[in-house]
Every structure is written in C-alpha cells, then in structure tokens.
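[1] Sequence plus predicted model, see below.
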Amino acid sequence: MTTHDGALDLRLAGVAAGTWLTGLAALHLSVRLSLLIAGVAVLLTALMCALGSRPSAGPFRGTGRFGALGRFGGAGRGCGVGRSGGARWVVAGVLLGVACGAVVTAARVAVREAEPLAGLTRERAAVVARLTVRDDPRPLSAATGRAPTWLVPARLTWIAAAGAASGHRVDVRVLVLGTGDGWRGLLPGQRVEAEGRLMPARGGDLTAAVLAVDSAPQPRGTASWAQRAAGTLRAGLQRACATLPAEPGGLLPGLVVGDTSRLDPAVEEDFRTTGMTHLCAVSGANIAIVIGCVLFALRRVRAGPGLSVALAAGALMGFVILARPSPSVVRAGVMGAIALIALATSRPRSAVPALATTVVVLVVADPELAGDAGFALSVLATGGLLVFAGRWRDGLRRAGVPAGLAEALAVPAAAQVACGPVIAGLSGSVSLVAVPANLLAAPAVAPATVLGVITAVVSPLWPDAAELTAWAGGWPARWLVLVARIGARVPSGTVPWPAGAGGGLLLAALTIVLLLAFRRPPVRRVVAAVTAAVVLGALPVRLIASGWPPAGWVVAGCAVGQGDATVLPLGGGQAVVIDAGPDTAPVDRCLRDLGIHRVPMFAVSHFHQDHVGGVAGVFRGRRVDAVVTTAWPEPAAGHELVHAEAARHGTPVFAATAGWHWSARDVTVEVIGPPAELRGTRSDPNNNSLVLRATVAGVRILLMGDAENEEQDALLRASAAVRTDVLKLAHHGSAFQSPEFLAAVDPAVVLVSVGTDNEYGHPNLPLLARLSRDGARVLRTDEQGDLAAVRTRDGLAVVVRGVP
C-alpha cells in the first residue's frame, strides 16, 4: 500500500526490523548481554531525540525509487521531525525496535533458564511432568518390532523429580520424545502427565529441555471443543485423500492445512529444489484464498460491510484453528485480522505498516518466531510482493507485456527475490527454476485449496461427497507434483551457494546491489549480456564434463583420512550417511561436493574417534533427521560426542540392533550385525560395530564398520545373507578378516577407506591382492580420493575423483 502520493509508507519497517533481528540474536545470547543491548539502544534513542529537539525546517519527505521513509506534517519539536532529522527518526525507530526485541526475548530466555528445571536438565534427571500439548505429534521412527517414537511440542506446567514428595509449577516449552502409540492422536491443548528423563535442548529457541518418555502418557484433561472439531476435520481430510494416488493424496492436506505427515519425501524434496516449499505450508496465500471466497459469496448475496467482516473474521479464526497456529499461519491470520479491522472502520489500508505491525506484535508475543524459518519466509514473501511486485508489473506492462502475464511474472519473481537469501542460507543452493516453476504452479493453488477446504468441512457429515471433492482437488495437486518433478530435474537448476548466515547475507548484499544497479538502463544491458555469455559459455562445459557426483551413483566412499564416511544417495540432495571420519572438515567437504543438504538418517557403526570425530561436519549446514548407533556405548568419549552433537541440534538418537530396518524411496537399510553382543574379543567396540546391509536402486551394498573376524564369523553362524555387489571393507582393510566370510560375500566392488601412510599399516596388501584375484575391483581412498560405484546399463562401474 502507498501513501497519498504513491510512495511506500515504511515508517514502521525499521521498528519491525529492529525488533525481529534483535529478538533472533537474543535467543542465542545471555540475559545480561541482551539487557545491556536494550539499555544502550534506549540511551542512543534518547540522545538522538535530544539532539533533534531544535525547531525543524519542514516536513521530512523521503525520495527515491522506494518512496518515503517517513511522513510528518508541519514544523515542531521532537525526535527527527524535520528534513535534517528524517534519517535520525528512522534510526531511532530501529533502536526502539532493538530495545523492544532485546527486553522481551531476554525475559523469556530468563524463564527458560530458571531453576529448578535448569538443574534437573543438567543432571538429566528422571522426572514426573504435567504437559499441555502445543501441536500435533509427528512420527520420528517406526522400526520393525519397535514402538514408534513421536515428537510432541508441549508446554511444561508442573514438574517433580522422580520419587519426590512435591513438585514445582513452571511455564516453559519442552519437546517430548514419546515412545508408543499412546502419543498418537493427542490434540493441541490436551493435558497429560508422563514420566521420563530430561535432556538439554539444542538452544537457539525457547525450548527449555527435551523430555524422553518410554511409556504412554496419562490423560489429565481434554482439548477444547474447537481443537477437537479441527482434529475431526483434519482426520476426515486425510481419510478422503487416502483414496487418491500417494503423491497427490499426500500433497493435498499439506496445501490445505499444512499436514505433511503423508507427503512423499521425494515430492517434498522436489518442492524444495524448485522453490515451491511454501505451498506445503499454510501461509498468507491460503488465508487470502479462503477469505476471498467467503467475501465473494457474501457479495453475491448483497451482505452489508458489517456482516461481511464478521463472517469473514469467523472464517479466518476457523481456518487458523483448522490449520493449527504455526508461525506462518499466525502471521497470516494476524495480517488478515488487521486488514478486516481496517475494512470495518472504513480507513484506508496500508499494507506495509500492517505487515510491520504484525511482525512487532508477533515477535513481542512469541520471540521464538524470530528464529523460525517459515515465519521469515512468510514475512519476506509478503514484503517482496508489497514492495516489488506492483512496480515490476507496471514496468512489464509499459514494456508491452500483457497485463495478466505481467502480473504472473512479477509476483513469483518478487517473492523469490525477497526470500532468496534465507533459502540460500538454509539450503546451501540457489534455485534457477523457482520463478518459472511457481509461475506454472500458480493456477492450480487456489482450486486445490478451495476443494481441500470443502473436503475437510463436509467429511464428517458426508464422507462420499468428501471423497468426490478430494478426487477433484487431486487433479490440481497432480499438476503441482508434475511441475515440481520436472523442475527438480532440470540440469543445473540449482547453483551451489555458501550455507549459513554468511551465505544468506552475501546473497542479500548482491541482490540489493543488483536492484539498485538495475535502475539504470546501461547497467541492465551489461548484466543481460554478461549473464547470456556466462550461460552460453558454461552450458557446453556442463554437458561435456562428467562432474561429481557421477550420474547413477549408488554409494560413495569419502576420502576423510584414516577413518570411515560412506554415503548412500536418496536423490534431490538427500542421503544416508554412515560414519563421519576423524575430523569435521573432510566429511563436510565430501557431502558438499556430493550436493547433500539433508541427511534423513546418519548411522554410527561404533564410537571410535576415526568414525565419529567428524560428526559436527555431517550436521554443518544440513538437516539431520535421526541418528542411529550401535548399542555398544564404548568408547565413552565418542558416545558422548555423538549424543552431545545430536542434542545440540535437537536430533533424536536411537540404538539399533539386528533386525532393525529403514527405507525411503529406492533405498533400504537393515542392521544385520552384531547378531548378539560380543564380549572378550580382540576389540569389543570393533566387534560390536553396526553391520548394515543396504540396497540402492537394486544394487546390494554391505557396510562393515570395523567388524573384525569374530563378528564376521558370528554373522556366518547366524546365517545372515551377506552376498553383495559392493563391499565397504571392514576396519580400513586390516588383516583381521575372516576368509570364509569374504568368500561368502563375493563382492564385485570393494571400497577401502584408509589414510595415507597411517601408523597401523592399513590396508593389508595380501588381503587386497586376494580380493582382486577373486574378481573384485578394489578401490582405495588414500590413492584415489573420493570413490563411487555407479549403476549402468551394463552393470556396475566405478568412478574415482582423485586425491583432493
């Protein structure tokens, strides 16, 4: 929205930015430092106001491409009301936001760190806790023969140490890792009691602790009628969508209410790659569609403004409850409420101040939102539409582009430019297909959303009609899946980019420079020519060079020195990682070179330093969903290192035994060893290594950890199926191997992860010679660098990258 002369009204934007960014920083700072920052900001604001208290020469009016930064009529006294004080007022607004964000976040962090909970958490104490569920439970694992584990965001209201006669009232957030079906189906607002053990949270938010519970919760109350009704509608939507094919059936509930519990991971990854992830979460677009349909229907029956606002507000509240109040939903809901208030009072709406007000209100109410990626993307996308889309649409129309096409091009481009730095920082890549993919997806979003909402509403009353509307909504969902799948497979559709805050800030700076430079026609022509030259020059190289990783790879061995790190691809930048090598940098480099940004499962064969020392490198810039380890807890230092790193990131850790298995896409992983705990061997940690049997795209892969001849013979005695295509040789090719076991494995390819000139004399050269004589192709990381086995039409092939 603009002021009366067409300039954007950005007066509150500085306050919002200061509140938001300082709230984000304060989540990671001590309470004392946050309060110090607030005090300094207040003093600087007072100083600026004192300096600006002389009479002003006239009203300040911002100029330039993006319009006014402030509007103040008449002369007067105060903080920055004159021309020379305009910039001072903007800075003062930012400082006030800094003070506000620091104070409110410090207050909440102080509660998070208060005793007695902090002491109980440090001691990892067993406790009895009373909880109020905050969101729907999400499944984390469901291994064969084991009860599923559920991640349940909750509010802790009372706690007592196990066996204590009395407890303490508290009011903090916790994450519950609940084992068993008793956690399934809990609704937000429901009160339960549970016994479990406290663990430290990862930090960076308002979660005070993680509570691991091995039993079902005891109900202590029911959810509100509104949440029960919403749960019924959500369950009805899922039942109706279950009749659709898996991909659109899993996507439609995500489009409508943000329920991605049945969304295929491959589809989810395709959406991420093509910059369409926002469609899988409820945001302002969903709110606009729902309210727009309600207002359109009311207008058709000639309802008055008051009635229209009241009914639209009711629809808004109902939809927020149905979709669950996630950060993006809350942001969109408050934004819609502000717009409805403006409509009811007949005042001109100003969208940018409304968005800024929304940010300030929400961050003050819940400082944790400042660090939520979904909240950031939602706000930035809305801001990009308000600031850029209209101007770019008008510029395209002046250039002769038809009105509809100009709108369709400007909207996704504006949203992508605004969100690009955050997406790049989170994913470590920049999508080049996001704008065209979102352009193609846009026509299907509204029909899918409307039909999905109708399905949810009618499902309890008329299930057959719900299945019919779900079937109709499945067609636009199919289109969205197709767009994402094709876009994700465009060659060079994503460009690697530095991950983390540094990468995001770098792209933001480049974006600002380009936006300012593009105001000049000569610069636009130069940039267009350079871009064309780069694309045309790089395309032949891309098409001719084999690149890394090679096409069709099914397993990669990372050159991490004297240690192990093996990777099984899931596609779309995801992979299973087994072990992490001795140091952080090599495994991080290997995963970056393979394009891996998400690790659904990280397996630790055993806790020796050469397998776990680099665990932080696996987590660096990547999302790790779960860590699976051996049940043998020694050496203690490695065990503690893995658990501490996982706890820092809020990642669950599970000890697996023989029979446990995991699958995703065309990859299956099963633990086959040790068949039973082995004691009194040459090396008990080595001989209790997880031995994994994996299948990737039909290729059999055996991953041995450091299992020596004792565990290998135990596998033979247990009649384990060990014949394989690719063998990751145990213990870096040491001499402690069972000849009978190797004969039973009979591999075509052997990968040896070993360091150059290591003090252990690995690998054993007679062993490698025997494997070669038996027909195996033997590859070594110390001589050939990163290794890969590739599935081709003619069978298995190997590719080596060379020593880095």
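    Happy to help now that I have it. Numbers count the residues shown, from 1 in each chain.

[2] ranges for the strands of the stretch 451-600 of the chain?
    Using DSSP state E, counting those that start in this stretch, the strands assigned to the stretch 451-600 of the chain run over residues 494-496, 553-557, 566-571, 574-578, 598-604.

[3] Mind putting those into JSON lines with mean neighbour count, distance to Ala246 and mean pLDDT?
    Placement of C-beta: from N, CA and C, glycine included. Below are the strands of the stretch 451-600 of the chain laid out as JSON lines (neighbours: other C-beta atoms under 10 Å; distance: least, C-beta to C-beta, whole Å; pLDDT from 0 to 100):
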{"stretch": "strand 494-496", "mean neighbour count": "16", "distance to Ala246": "25", "mean pLDDT": "69"}
{"stretch": "strand 553-557", "mean neighbour count": "25", "distance to Ala246": "24", "mean pLDDT": "94"}
{"stretch": "strand 566-571", "mean neighbour count": "24", "distance to Ala246": "16", "mean pLDDT": "94"}
{"stretch": "strand 574-578", "mean neighbour count": "26", "distance to Ala246": "18", "mean pLDDT": "95"}
{"stretch": "strand 598-604", "mean neighbour count": "23", "distance to Ala246": "18", "mean pLDDT": "95"}
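
[4] Adding distance to Thr724, write those strands out as a markdown table.
    Listed next are the strands of the stretch 451-600 of the chain as a markdown table, based on distance: least, C-beta to C-beta, whole Å:
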| stretch | distance to Thr724 |
| --- | --- |
| strand 494-496 | 33 |
| strand 553-557 | 11 |
| strand 566-571 | 13 |
| strand 574-578 | 15 |
| strand 598-604 | 17 |
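
[5] And those strands: which comes nearest Ile512?
    strand 494-496 (18.9 Å; C-beta to C-beta).

[6] Could you pull up the residues touching Ala208?
    Ala208 is in contact with Arg112, Glu113, Leu117, Ala118, Thr121, Leu156, Val172, Arg173, Val174, Ala201, counting by C-beta atoms under 8 Å, 6 or more residues apart in numbering.

[7] Please look at the third one and Ala161 and confirm they touch.
    No - judged on C-beta atoms under 8 Å, Leu117 makes no contact with Ala161 at a distance of 10.8 Å.

[8] More neighbours: which of those two?
    Leu117 (23 against 18; other C-beta atoms under 10 Å).

[9] Now that one. Its backbone dihedrals?
    Per-residue torsions, Leu117: phi -60, psi -40 (degrees, to the nearest 10).

[10] Check what pLDDT it gets.
    The per-residue pLDDT reported for Leu117 equals 90.

[11] what helix or strand does Gly178 sit in?
    According to DSSP states H and E, Gly178 maps onto strand 168-179.

[12] give the contact list for the nearest residue to Val604 once chain neighbours are set aside.
    Distances taken as C-beta to C-beta, 6 or more residues apart in numbering put Thr629 closest to Val604, at 4.3 Å, once the chain neighbours are dropped. Neighbouring residues of Thr629 by C-beta under 8 Å, 6+ apart: Ala603, Val604, Phe607, His639, Val642, Val653, Phe654, Ala655, Ala656, Leu690.

[13] out of everything not next to it in sequence, what's closest to Ser30?
    Closest residue to Ser30 apart from its sequence neighbours, by C-beta to C-beta, 6+ apart: Val109 at 8.0 Å.

[14] per-residue pLDDT, the one you found?
    93.

[15] For it, grab the count of nearby residues.
    Val109: 21 neighbours (other C-beta under 10 Å).

[16] returning to what we had before: any of the contacts of Thr629 buried? List them.
    Buried members of the contacts of Thr629, counted by 16 or more other C-beta atoms under 10 Å: Ala603, Val604, Phe607, His639, Val642, Val653, Phe654, Ala656, Leu690.

[17] The fourth one and Pro633: what is the separation?
    Distance, His639 to Pro633, using C-beta to C-beta, to the nearest Å: 5 Å.

[18] tell me the average confidence for stretch 181-188?
    pLDDT averaged over stretch 181-188 gives 85.

[19] do the same with stretch 13-26
    pLDDT averaged over stretch 13-26 gives 91.

[20] related to what we said a few turns ago, model confidence for the residue nearest to Val604, exactly?
    Listed pLDDT for Thr629 reads 94.

[21] How about the contacts made by Ala655?
    Counting by C-beta under 8 Å, 6+ apart, Ala655 makes contact with Val628, Thr629, Thr630, Ala631.

[22] Reformat the residues you listed as TSV; add distance to Trp662 and secondary structure.
    TSV is the format used below for the contacts of Ala655 (distance: C-beta to C-beta, whole Å; DSSP: H, G, I helix; E, B strand; the rest coil):
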residue	distance to Trp662	secondary structure
Val628	7	strand
Thr629	13	strand
Thr630	15	coil
Ala631	16	coil
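
[23] of those residues, buried ones?
    The buried subset of those - by 16+ other C-beta under 10 Å - is Val628, Thr629, Thr630.

[24] Quick check: which ranges of the stretch 251-400 of the chain have low pLDDT?
    Scanning the stretch 251-400 of the chain for pLDDT under 70 picks out the ranges 265-266, 281-285, 325-332, 335-351.

[25] which residues are contacting stretch 98-107?
    Contact partners of stretch 98-107, identified using C-beta under 8 Å, 6+ apart, comprise 15, 18-23, 26-27, 31, 34-35, 37-39, 41-42, 45, 360, 363-364, 367, 370.

[26] Mind giving me the ChimeraX select for the residues you listed, buried ones only?
    In ChimeraX, a selection of the buried entries from the contacts of stretch 98-107 looks like this (16+ other C-beta under 10 Å):
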select :15,18,19,20,21,22,23,26,27,31,34,35,37,38,41,42,45,360,363,364,367,370
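
[27] Can you mark which positions in stretch 434-448 are buried?
    Buried residues in stretch 434-448 (16+ other C-beta under 10 Å): 434-442, 444-448.

[28] which stretches of the stretch 201-350 of the chain form helices?
    For the stretch 201-350 of the chain, the helices defined by DSSP state H, counting those that start in this stretch cover 225-241, 246-257, 265-273, 284-300, 305-323, 327-344.

[29] Export the ones you listed as TSV, with columns for mean neighbour count.
    Output for the helices of the stretch 201-350 of the chain, formatted as TSV (neighbours: other C-beta atoms under 10 Å):
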stretch	mean neighbour count
helix 225-241	19
helix 246-257	25
helix 265-273	23
helix 284-300	17
helix 305-323	18
helix 327-344	21
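
[30] Ok, which of those helices comes nearest Ala466?
    Nearest to Ala466, of those and by C-beta to C-beta, is helix 225-241 at 4.2 Å.

[31] and the closest one with helix 305-323, angle?
    On the basis of axes from the mean of the first three to the mean of the last three C-alpha atoms, to 10 degrees, helix 225-241 is oriented at 70 degrees to helix 305-323.

[32] And the residue nearest the centre of the chain, how close does it get to Ala126?
    Note on the chain: the residue nearest the mean C-alpha position is Arg623, at 6.6 Å, using C-alpha atoms, centre = their mean. Using C-beta to C-beta, we find Arg623 at a distance of 30 Å from Ala126.

[33] same question, Glu759
    44 Å.

[34] More neighbours: those two, which one.
    A direct count of neighbours by other C-beta under 10 Å for Glu759 and Ala126 places Ala126 higher, at 14 against 7.

[35] For that one, report the pLDDT, please.
    Turning to Ala126, the model gives it a pLDDT of 92.
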